[in-house]
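Asks: quick one, fold the following:
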Amino acid sequence: MWTATLVIAGQVESRDDFATSELASGVEERWGAPVDQPAPSVRAVPSGTVFTTLEPMALSQQHVTVDAVMNYRKRGLRFFSGFDFAFAGQYAVENPKSSDIDVAFVFPIEVNKAQVLMSDLQFLVDGAPAPMELGAERNRLVWTGRIGARETRRFTIRYRARGLDSFTYRLDPSLPARDVSLHVGVIGGDNFDYPAGVLSASSVTRSGDGLGLDWRFSTLESGVSLGVVLPSLKSWDGVIATMARRAWFPFIALLALLFALGVKHRRPLASYETLLVAAVFGFTFVVVAYLAALVSFEVAWPVAVLGLGAAFTAWMTKLMPDEGWRTFAGLWLATMGLPTLAVVAQGYTGVIYTAELLVGLIGALVLSTRASVRAWLDDGAARQAEVSS
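Replies: Sure, this is the predicted structure:
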C-alpha cells in the first residue's frame with residue numbers, strides 16, 4: 001500500500017509538473033501571458049539640433065489605473081489565473097528649460113501578440129487624439145514633437161487586453177520618478193501576492209469579491225517595479241498528491257479495524273482479500289485525480305469516494321454478513337473523509353488529526369468499560385491462544 005500511494009502521488013505530481021510547463025505554455029498561447037508593462041521613456045534634444053544626441057528625461061507625472069476582471073481557465077487539474085483588464089495611463093512631460101526642446105515619447109506596447117488580444121487602443125496628447133506610430137516592429141508607440149520653454153505636455157494611453165497570473169508595471173531604473181501612482185482593481189478574487197522583486201502596495205482595500213491595491217509616491221530616486229500576482233483558485237493536483245502520500249496512515253487504521261471485526265466474527269481477511277482492500281483504497285485517489293480533470297474537485301471527490309465506498313461496503317458485507325453494512329460504510333467514510341479534510345483545510349491539519357485521535361482514544365476508553373466488549377476481547381484472546389497451541 002505504501003509503495004502504491006507513493007506511485008500515485010508521483011504520477012499526480014508529474015501531471016503538476018506538466019501543468020506548469022507544456023500545459024502552461026498552451027494556456028498562454030490561447031488565453032494570454034503574464035503582463036509586463038514598462039513605463040514610457042522620453043528622450044529630448046534642444047530644438048533645431050539633430051536627433052543624434054538624445055538625452056533621457058524623467059516623466060513629471062505617471063498616474064496608471066488597471067481594472068481587472070478575473071477569468072479563470074481550467075486545464076486538467078489546474079486553474080490558471082486569467083484576467084481581462086483595461087489600462088489607462090496619464091503621463092506628463094515638463095520642459096524646465098528656458099528654450100524649446102524636441103522630444104520623443106516612447107510607450108512600449110505589444111499589439112502583435114495574438115494571445116494578449118489588445119484592443120481599443122487610444123492615444124491622446126493634451127486631450128486631443130494623436131497619430132499612433134507603432135514603429136517598424138510594431139512593439140512601441142512613438143510620438144515626436146516640440147515642447148515650449150517651461151511648458152508641459154500631457155499624454156493619455158488607454159487599451160484593453162487580457163493576461164495570465166500577474167501584472168507588473170516597470171519604472172525606468174536609471175531615472176528618478178515623480179508623482180507616481182498605480183491603482184490595480186480586481187474583481188473575482190482576493191488572495192493576491194506579489195511577484196519577486198516588486199514593491200508591495202502602499203494600501204490594500206477589500207470589498208465583496210474584489211480588492212484594490214494602490215501605490216503612491218511623490219518622488220523616487222530610481223525606478224522600481226510595481227505589480228501584483230492576481231488571485232488564484234486552489235489547484236487540486238497538489239492536494240490529491242498530498243492525500244495519496246498520507247493515505248498509508250488511514251489505510252493502516254482501516255486494516256486494524258477490519259482485523260478487529262475479523263476476530264469478532266471469526267472471519268479474518270485472507271492475504272488476497274487484504275490486497276483487494278489496498279487496491280480499492282489506493283485506486284480511489286486515481287479515480288479522484290482523473291475525475292477532477294473533467295469536473296470540479298468538489299464533484300469528483302464525493303463521486304469517487306461514495307462510488308468505491310459502496311463497492312467496498314457491499315463486498316465486506318458479503319465477507320462478514322453478521323456485521324451491518326453501516327459499520328463498513330462508517331469505516332470507509334471515517335478513513336477517507338477526515339484525512340481528506342485535513343489536507344484540504346491546510347491551516348487546520350494538526351487540529352483535525354489531533355481531534356480525530358482524541359475521539360478515537362476516548363471511544364476506546366469508553367468501549368473498554370463495557371462488559372460485552374471485554375468479553376469479546378477475552379474470547380478473541382482465548383481463540384488466538386488455541387490457534388497458537
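
Asks: with adjacent residues omitted, what lies nearest to V125?
Replies: F155 (5.8 Å; CB to CB, 6 or more residues apart in numbering). C-betas here are computed from N, CA, C, even on glycine.

Asks: in a strand, that neighbour, correct?
Replies: Yes: assessed with DSSP: H, G, I helix; E, B strand; the rest coil, F155 lies in a strand.

Asks: check contacts around it.
Replies: F155 is in contact with 40, 89-93, 105, 107, 123-125, 143, counting by CB atoms under 8 Å, 6 or more residues apart in numbering.

Asks: can you check P131 too?
Replies: Neighbour list for P131: W143 [criterion: CB under 8 Å, 6+ apart].

Asks: cool, the one 3 residues further on as well?
Replies: Contact analysis of L134 by CB under 8 Å, 6+ apart lists 109, 111, 140-142.

Asks: ok, now T144?
Replies: 102-105.

Asks: top of the residues you listed by number of neighbours, please.
Replies: Each of the contacts of T144 was scored for neighbours by other CB atoms under 10 Å, and F105 scores highest at 25 neighbours.

Asks: secondary structure and distance to I252 added to the contacts of T144, as JSON lines?
Replies: Converted to JSON lines, the contacts of T144 look like this (DSSP: H, G, I helix; E, B strand; the rest coil; distance: CB to CB, whole Å):
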{"residue": "D102", "secondary structure": "strand", "distance to I252": "79"}
{"residue": "V103", "secondary structure": "strand", "distance to I252": "74"}
{"residue": "A104", "secondary structure": "strand", "distance to I252": "72"}
{"residue": "F105", "secondary structure": "strand", "distance to I252": "69"}
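
Asks: which single one of those residues is nearest to Q61?
Replies: F105 (12.9 Å; CB to CB).

Asks: now the closest one: how far from A130?
Replies: In this view, F105 and A130 are 10 Å apart by CB to CB, to the nearest Å.

Asks: who touches both of these two?
Replies: W143.

Asks: ok so, going back, among the contacts of F155, name the buried ones.
Replies: Buried by 16 or more other CB atoms under 10 Å: 40, 89-91, 93, 105, 107, 123, 143, out of the contacts of F155.

Asks: and which of the contacts of F155 is nearest to L331?
Replies: Nearest to L331 among the contacts of F155 is G89, at 62.0 Å by CB to CB.

Asks: who are the packing partners of the helix or strand the closest one falls within?
Replies: G89 is located in strand 82-94, with elements delineated by DSSP states H and E. Packing partners of strand 82-94 (3 or more CB pairs under 8 Å, 6 or more residues apart in numbering; DSSP states H and E): strand 61-70, strand 101-108, strand 152-164.

Asks: give me the buried positions along the longest one.
Replies: Along strand 152-164, the positions that meet the burial threshold by neighbour count (16+ other CB under 10 Å) are 153, 155-157, 159, 161-164.

Asks: CA atoms only for stretch 123-131, dumped as CSV, please.
Replies: Below are the C-alpha coordinates for stretch 123-131, written out as CSV (Å, rounded to 0.1, in the frame of the first residue of the first chain):
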residue,chain,number,x,y,z
PHE,A,123,-3.5,57.8,-27.6
LEU,A,124,-4.2,61.4,-26.7
VAL,A,125,-1.8,64.4,-26.5
ASP,A,126,-3.1,67.3,-24.4
GLY,A,127,-6.6,65.8,-24.6
ALA,A,128,-6.7,65.5,-28.4
PRO,A,129,-6.3,62.3,-30.4
ALA,A,130,-2.8,61.9,-31.8
PRO,A,131,-1.5,59.7,-34.7
